[in-house]
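Student: return atomic coordinates for the entry below.
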Amino acid sequence: MAQMKYYHSVQLQSEKCQGCVSCVKLCPTEAIRVRNGKAEILADRCIDCGACAVGCPYHAFAVKMDVLEDLAKYAYNIVLPAPSLYAQFPVSVPLEDIWQGLHNLGFDEIFDISLASEYIAKEIEDYLKNYTGGRKPLISSACPAVMRLIQVKFPELIKQIVPVLAPVEAAAIYVKREAAARKNLAPELIGVWFISPCPAKETNIRQSVDVQQTALTGSFNMSDIYGLLLKNLGGEHQLKVRTGSSYGLGWGTYSGELASIGVANGLAVHGIENVYDILEQISMNKMPQLDYVECSACQGGCLGGLLAAENKFVAECNLRQRIMELQQAEIGDRNAVMANTMVLEEFPLSPGYRKKLIPRPMMQLDDDIMEAMKKFERMEEVLCSLPGLDCGACGAPSCQGLAEDIVQGKAHEIDCIFKLRASVHKLSQGMLELAKQIPIYHEPKILNNTEDDNDEG
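Tutor: Numbers count the residues shown, from 1 in each chain. Next up, the predicted model:
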């Protein structure tokens, strides 16, 4: 069986790596090893959450993204700003200035993702109402890093993921179709771009986990765009951009998805470690009383993404102020407010565009089942011989990880510092015992000529 090739936007810069194993301990899927003094990423396990890059003291991880020069490849370019982009700016900077700044950077059209968020919120709400007989809670599909985490570590939870598109995918599908008809252009001549706060969304464009074929062309690093926008904000407002309501804008903050869906009996969790813990609890069926769980891999949700420019707490304050301003102008209940802004209601997106999420088990010892069983037995034997401290000094995240590497021929038992110390001690003891068995050699006494002469005298 040929091994599947995986695309990853998070990439190691070996020349900067000092082999400190910080990334090894941070990775939620045990996708990193340190071998020969350098980190190595295991492609079949990496979910592009960016935890390694956040915690690396030497900045040895980079994120591969598109550049603005790529706009020249298309006849018409549309950018999809998310609430997380607006949160990078204080409320004193009008959205119109941000949109005009994007236009100044070369984008022909702006489509606000918060509009698509409200459409997706309605789809999720309907799905929850009609959901019967299955296990709860249901899990959000908005974060691609979380979906990959479920694929790799919790495949039994796949059936609990809500089968709807992420808002950015819904927006891309809609806007490309609409612009192609309005501009009389072939879809392949239209570039649809996302400004991403995290590497997982970039990876999902290149190798999607949830759609048959993405309508997104690519994405840009939010920090890079933010820096350029600061120099290009404002000017004559030439664009008319529809925005979502406070509910659509709220998707940028954690728990905003719950509010837009109208779920009272739900939980919002953010940060990959916290998400891992909650998924573990759900896997053990310890939270059946909940209806829905909103999960974000980044601390603080998308506002705390690796590629965000602003401090996540400052960004949250900025976005909540914008939300409050919208709320003051809105009239009616949640359904009435969202109905006034939704533009995708006649376009059923999810059923035809989503693809089935499949498990991606991270430990496949061998393609041959019999050989895999032998390796598993050997792995258990090796694991029992290891100290079980999970110190990471060997370059693997745990003793079990080292045991797996050993049976796969990628590591040695003496990579464990405790096994090495025991081996050195055993060797030194052996050498001492051997030394005792060797006869003592005495050099013959050599007479001094001067002494001999004196004796004769």
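
Student: for the rest of this, base every contact and every neighbour count on C-alpha atoms.
Tutor: Will do.

Student: report how many residues lie close to the nearest residue to Q212 once chain neighbours are set aside.
Tutor: Leaving aside its chain neighbours, Q212 sits nearest to K355 (5.3 Å; criterion: C-alpha to C-alpha, 6 or more residues apart in numbering). Neighbourhood size, K355 [other C-alpha atoms under 10 Å]: 16.

Student: swap in the one 5 residues further on?
Tutor: Under the neighbour criterion other C-alpha under 10 Å, R360 is assigned a count of 17.

Student: quick one: it and P155 touch, right?
Tutor: Yes: counting by C-alpha atoms under 8 Å, R360 touches P155, with 7.3 Å between them.

Student: measure the residue nearest to Q212 to Q281 for me?
Tutor: Taking C-alpha to C-alpha, to the nearest Å as the measure, K355 and Q281 are separated by 26 Å.

Student: tell me which other helices or strands the helix or strand where E377 lies touches.
Tutor: Using DSSP states H and E, the element containing E377 is helix 369-385. For helix 369-385, the packing partners by 3 or more C-alpha pairs under 8 Å, 6 or more residues apart in numbering; DSSP states H and E come out as helix 399-407.

Student: just the CA trace of the helix or strand that the helix it packs on is followed by, in PDB.
Tutor: With elements assigned by DSSP H and E, the helix or strand that comes after helix 399-407 is helix 417-437. Extracted as PDB, the C-alpha positions of helix 417-437 are listed here (Å, rounded to 0.1, in the frame of the first residue of the first chain):
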ATOM      1  CA  ILE A 417      19.700   8.200  28.300                       C
ATOM      2  CA  PHE A 418      18.800   5.900  31.200                       C
ATOM      3  CA  LYS A 419      19.400   2.800  29.000                       C
ATOM      4  CA  LEU A 420      22.600   4.400  27.800                       C
ATOM      5  CA  ARG A 421      23.800   5.000  31.300                       C
ATOM      6  CA  ALA A 422      23.000   1.400  32.300                       C
ATOM      7  CA  SER A 423      24.900   0.100  29.200                       C
ATOM      8  CA  VAL A 424      27.900   2.300  30.100                       C
ATOM      9  CA  HIS A 425      27.800   1.100  33.700                       C
ATOM     10  CA  LYS A 426      27.500  -2.500  32.600                       C
ATOM     11  CA  LEU A 427      30.400  -2.000  30.200                       C
ATOM     12  CA  SER A 428      32.600  -0.400  32.800                       C
ATOM     13  CA  GLN A 429      31.800  -3.200  35.300                       C
ATOM     14  CA  GLY A 430      32.800  -5.700  32.700                       C
ATOM     15  CA  MET A 431      36.000  -3.900  32.000                       C
ATOM     16  CA  LEU A 432      36.800  -3.900  35.700                       C
ATOM     17  CA  GLU A 433      36.200  -7.700  36.000                       C
ATOM     18  CA  LEU A 434      38.300  -8.300  32.900                       C
ATOM     19  CA  ALA A 435      41.100  -6.200  34.400                       C
ATOM     20  CA  LYS A 436      41.100  -8.400  37.500                       C
ATOM     21  CA  GLN A 437      41.700 -11.500  35.400                       C
END
